[in-house]
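> Build me a model from this:
(6 chains)
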Number of protein chains: 4
Amino acid sequence: MRIHSGGLAISSPGPKDKRRRIHDAAVKVFAEKGFYNARVSDIAKEAGVADGTIYLYFKNKDDLLISLFEDRMEEIIANFKASLVGIDTPEAQLQRFITLHLKMVADQPRLAEVLTVELRQSSKFMHEYRAPGFREYLGLLEDIIAAGQGSGLFDPSLHPTLLKRVIFGALDEVSLHWVSARRKPYDLDRAAAEIWSICAHGLVRRAGSHAENT
Amino acid sequence: MRIHSGGLAISSPGPKDKRRRIHDAAVKVFAEKGFYNARVSDIAKEAGVADGTIYLYFKNKDDLLISLFEDRMEEIIANFKASLVGIDTPEAQLQRFITLHLKMVADQPRLAEVLTVELRQSSKFMHEYRAPGFREYLGLLEDIIAAGQGSGLFDPSLHPTLLKRVIFGALDEVSLHWVSARRKPYDLDRAAAEIWSICAHGLVRRAGSHAENT
Amino acid sequence: MRIHSGGLAISSPGPKDKRRRIHDAAVKVFAEKGFYNARVSDIAKEAGVADGTIYLYFKNKDDLLISLFEDRMEEIIANFKASLVGIDTPEAQLQRFITLHLKMVADQPRLAEVLTVELRQSSKFMHEYRAPGFREYLGLLEDIIAAGQGSGLFDPSLHPTLLKRVIFGALDEVSLHWVSARRKPYDLDRAAAEIWSICAHGLVRRAGSHAENT
Amino acid sequence: MRIHSGGLAISSPGPKDKRRRIHDAAVKVFAEKGFYNARVSDIAKEAGVADGTIYLYFKNKDDLLISLFEDRMEEIIANFKASLVGIDTPEAQLQRFITLHLKMVADQPRLAEVLTVELRQSSKFMHEYRAPGFREYLGLLEDIIAAGQGSGLFDPSLHPTLLKRVIFGALDEVSLHWVSARRKPYDLDRAAAEIWSICAHGLVRRAGSHAENT
DNA sequence: GATGAATGAGCGTTCATTCAT
DNA sequence: GATGAATGAACGCTCATTCAT
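The predicted structure follows:
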């Protein structure tokens, strides 16, 4: 499965995709150095354009990051929606969501790192930016949870807002750790299975209930 | 429960605790503006000292942040250890850990924000810094998990490294959201109970098993 | 009286007068923003041409300003000469010169502003440019003065170089003030009459000599 | 007569007068290159300070120029007032004013150039800055004129606003020319005398009236 | 120890100019 | 001739750090 055509595809150096190339370069440089330590000229060099060219496509350095969020999250959300469309039960949907999230991380680790780490900062350095893309992403999770609670499958006493944060936080922390770790202590397929298992049944073993992970 | 006397205590302007006052000021300023947007002179002003004084106690701005991690995490870990000492079962310990984590967040939201957000950056702006305090914190979790799995209470098929990240990630994301949200959608006591419930039993309702949260 | 068809005439978008259109656009933009704050692309947009087109007609931004001086001053001087041609006495010529100068300002305030303000800068930003057009303009004044002194009408003890500067300076300052003032404190016809009166008789009232202004 | 202690005085390199030294350096550099072509680092080097030091004393480059106007005009106006204080007749006052203006130009040619040339631009690059110091300077002239007209000495039919502009413009243009000319075609003492003569009696010779310049 | 004025390296951004189409 | 996307040198300004007092 390809999550999206992605920052890794070396697009033909045609005249149209400058914006994309700059975004891709920014992902690489931001992932390596972080937003604040990345120089605009680093990104320009990585993208193979002049410094000034960046300002033909983006208002400023902040806008470069924000537009990156928006564009990539839009792609990711569209992909998730498409991948979830034929799945009936909330359980299967949640399992799928977990898998997709980690798949995305595995396919585009640098993008994942940027979205994850810099998004945290975003509430700081952009006073107003509410990260609508991120909210929509969480919205996907919330819909699944709501459906599950509505159908009686998921414990209805759990607060949905809290629940989506719990699941997202687990996925995010695992992703970030996996991305930054040199030696990968586990592969992400297994991680997906285990996280699903934890979500589904928790970690306390009950009499007669063996773990039923996929 | 007070985790420690905290950044809010206006210490007597005695001659001894300059280092502490600077740390406290840094927590406040970093939480408000983020590490990169915080100016050293902001911190100096907040601490009521001259800019240069900061360099009598800390090597540079990075060191100020790192030492903050180390000092505070040390306190936190000591507190956690003390609070966990009399508790026998891994289940109760984990439940306690969750409660303590969120308690700390509620009591010292700015410190929580700094430790949470800036720690993420730390892997960036300090290439070498391995955040030993953070590792030890996670080590507490891992010990609980190991004990639980060793005694057969927790599902032994779950990878401990993954598991501790899952739990920490859930706590961290919930904390960060709670800290930055203006309208608090849930209180942290309830959050602790629900997170424990999810950890323990997952979110899928099983026949005959009503949620047993506190 | 129209000094020339001027920057205000919307010339037909024919293929010939690009140079003129760019000059006119430059007058407008320079008058609004000043030379240094005017962007070449502003002028291009105002002229309805592409940025690069400007460089087909002018060597660079400085050349655009300099050529503007030269072209417009040439027109102005030709107009002045034509208007002065039938006038016999130096007194009447000087009176006419004053009137013509202020007429030009009234008809083409933006051009006046550019010629006036930017000319002052020109001795700065162009180390070499001696503004030959401007010198010729002053030469008209000098000729009138010389004729007046030669015929004994004007006080011969006054230094001609100084005198022309005095007269030009008075005209220039009044023009600039009038151009930039929102509420016009006097109209330029009256100004011409009074300036002539001052030039002719000074401002000290003498016994038995009532002002003989128009 | 010293107009003021002045930019030319090499003040002891004490710790107090940094602001003054930067102002003086700015006068020199602005006079040589013009405001827009002057680099802040040029001024810093000329003042013998680091670039950043300038920003301890001035908000930005514009503020450096504006504060220069204000400080220097204040000094100049105070000097003028002091020098005019004992003079009774408006005629003598006006004569004195003319002399003082040209004296100032002779003593501080670079300052005169900056005040003159950049002031013209100021109405452009500073949209709001109304140059209060300059208005007060013109106010001195206006007071003299009003007194002269009130006492019947000066022609009351002349518009005072216009008149002050005429006189100031004459002085200004003569000053600017004198400052920028390499070979000085006249000395400023003589210029003062002649300008006074023109103001007083005009340039038309009348029967029986020999020029009565000082 | 404490101060805070001074430093100057570093970077985001602009915009006159070019040149492939 | 005309275009306008691309260029990259240039510069104003910031702020972590120093050091004379």
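> C-terminal to the lowest-mean-pLDDT helix or strand in chain A, what's the next element?
Every helix and strand in chain A was compared by mean pLDDT, DSSP states H and E; the lowest is helix A:119-125, with a mean of 67. Sequence-wise, the next helix or strand downstream of helix A:119-125 (DSSP states H and E) is helix A:132-150.
> other SSEs contacting the helix or strand just after that next one?
Beyond helix A:132-150 in the direction of the C-terminus, DSSP H and E gives the next helix or strand as helix A:160-180. Applying 3 or more C-beta pairs under 8 Å, 6 or more residues apart in numbering or on different chains; DSSP states H and E, one finds that helix A:160-180 makes contact with helix A:90-107, helix A:109-113, helix A:132-150, helix A:188-201, helix B:160-180, helix B:188-201. All C-beta spots, glycine's among them, are computed from the backbone N, C-alpha and C.
> Sort out which residues of helix A:160-180 are buried, please.
Going by neighbour count (16 or more other C-beta atoms under 10 Å in any protein chain shown), the buried part of helix A:160-180 is A:160-179.
> these two touch, right, residue A:147 and residue A:92?
No. Under the criterion of C-beta atoms under 8 Å, residue A:147 lies out of contact with residue A:92, with a separation of 11.0 Å.
> which one of the two has more residues nearby?
Neighbours of residue A:147 and residue A:92, each counted by other C-beta atoms under 10 Å in any protein chain shown, are more numerous for residue A:147; the result is 17 against 13.
> Find the nearest non-adjacent residue to that one, please.
residue A:90 (4.5 Å; C-beta to C-beta, 6 or more residues apart in numbering or on different chains).
> Would you mark the buried spots in the host helix or strand of residue A:41?
Residue A:41 belongs to helix A:40-47 when assigned by DSSP H and E. If you call a residue buried by 16+ other C-beta under 10 Å, then helix A:40-47 has these buried ones: A:40, A:42-44, A:46-47.
> okay if I get these as CSV plus distance to residue A:193?
Putting those into CSV (distance: C-beta to C-beta, whole Å) gives the following:
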residue, distance to residue A:193
A:40, 42
A:42, 39
A:43, 37
A:44, 42
A:46, 36
A:47, 38
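> Among those residues, which ones lie close to chain D?
When those are checked against chain D using C-beta under 8 Å from any C-beta of the partner chain, none falls in range.
> Look through chain A and tell me its longest helix.
When every helix of chain A is counted residue by residue (DSSP state H), the longest turns out to be helix A:61-84.
> quick one: average pLDDT of that one?
Confidence for helix A:61-84, expressed as mean pLDDT, is 95.
> thought residue A:176 was touching residue A:116?
Yes. Counting by C-beta under 8 Å, residue A:176 sits close enough to residue A:116 to count as a contact (5.3 Å).
> hey, what's in contact with both of these two?
Each of residue B:120 lies in contact with both residue A:176 and residue A:116 under the rule C-beta atoms under 8 Å, 6 or more residues apart in numbering or on different chains.
> How about residues contacting stretch A:157-175?
Contacts for stretch A:157-175 (C-beta under 8 Å, 6+ apart): A:94, A:98, A:101-102, A:105, A:112, A:116, A:138, A:141-142, A:145-146, A:149, A:191, A:195, A:198-199, B:162, B:165-174, B:177, B:185-186, B:190-191, B:194-195, B:197-198, B:203, B:211, B:213.
> Phi first, then psi, for the residue in chain A that chain D sits nearest to.
Of all residues in chain A, residue A:60 sits closest to chain D, at 18.9 Å by C-beta to the nearest C-beta. Backbone torsions for residue A:60, taken as degrees, to the nearest 10, come to phi -160, psi -170.
> how far away is it from chain C?
Per C-beta to the nearest C-beta, to the nearest Å, residue A:60 is found 18 Å from chain C.
> what number of residues lie near that residue?
The local packing of residue A:60 (other C-beta under 10 Å) involves 11 other residues.
> which stretches of chain A have low pLDDT?
Low-confidence segments of chain A, defined by pLDDT under 70: A:1-16, A:122-128, A:206-214.
> is any part of the helix holding residue A:41 close to DNA strand F?
No. Contact of helix A:40-47 with DNA strand F is not found when judged by C-beta under 7 Å from any atom of the strand; the minimum separation is 7.6 Å.
> Which strands or helices does the helix or strand following that helix pack on?
Of the helices and strands lying after helix A:40-47 in sequence (DSSP H and E), the nearest is helix A:51-57. Under the contact definition 3+ C-beta pairs under 8 Å, 6+ apart, helix A:51-57 sits against helix A:18-33, helix A:40-47.
> repeat that for 10 Å
In terms of contact count using 3 or more C-beta pairs under 10 Å, 6 or more residues apart in numbering or on different chains; DSSP states H and E, helix A:51-57 is assigned the packing partners helix A:18-33, helix A:40-47, helix A:61-84.
> quick one, what contacts the residue positioned nearest the centre of chain A?
Residue closest to the average C-alpha location in chain A (C-alpha atoms, centre = their mean): residue A:112, at 5.3 Å. Residues in contact with residue A:112, defined by C-beta atoms under 10 Å, 6 or more residues apart in numbering or on different chains, are A:27, A:31, A:72, A:76, A:101-102, A:104-106, A:172, A:175-176, A:178-179.
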